[in-house]
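The following comprises the amino acid sequence and a computationally predicted model.
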Amino acid sequence: MEILGFEYPDDAYFLLEEDVWCRPGEDGAMTVGVTAFGIHLSGDVYMCRPKPAGTQVAQGGPVALAELSKSVVAIRSPLTGRVVEANPLLADRPELVHREPYGRGWLVRIAPGRWHEDLARLAHGDSLRARATARMRAADAGGGEDAR
């Protein structure tokens, strides 16, 4: 669905305060990436270093490091679990993160560790429009990048 001009795919779950998403795969692992709105706030990605396979991550904890035009930021995980794959394309093409945020610009795939508990903080379905709208308006009022 489109919300205030930004795409939010219907099959994804969103940790809106961190501007990240996750999408279930057929094998049970969740693909993770940055939202289109998060890219809008941060700008172009010049380097992206996701956590390697085998790394345990917590919901809201760092899952990747990205170099932007004026800063280096930690990208936070929308769920708790173990990284099973890092996107190999990002080593040579980090711009995929901002050019194809819901496609080839994914960061990692995570085997969920506490999915039912993590769901409480994730927006999806009927709750998404109101929660995403509130998040975007708060970020605009707060000066954009600082809200990330």
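Looks like it arrived, so ask away.

Going by C-alpha atoms from here, please, whenever you check contacts or count neighbours.
Will do.

Run the chain-centre distance for the helix or strand harbouring R129.
Element membership of R129, judged by DSSP states H and E, is helix 128-141. Here the centre of helix 128-141 is set off from its chain's centre by 16 Å, with CA atoms, centre = their mean, to the nearest Å.

Show the average pLDDT along it.
Confidence for helix 128-141, expressed as mean pLDDT, is 92.

list the buried ones in that helix?
Within helix 128-141, the residues scored as buried using 16 or more other CA atoms under 10 Å are L128, R129, R131, A132, R135, M136, A139.

I'd like those residues laid out as CSV, including distance to H40.
Below are the buried residues of helix 128-141 laid out as CSV (distance: CA to CA, whole Å):
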residue, distance to H40
L128, 18
R129, 18
R131, 18
A132, 14
R135, 13
M136, 10
A139, 11
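
among the helices and strands of this structure, which has the poorest mean pLDDT?
Here the helix or strand of the chain ranked lowest by mean pLDDT, DSSP states H and E is helix 128-141, holding a mean of 92.
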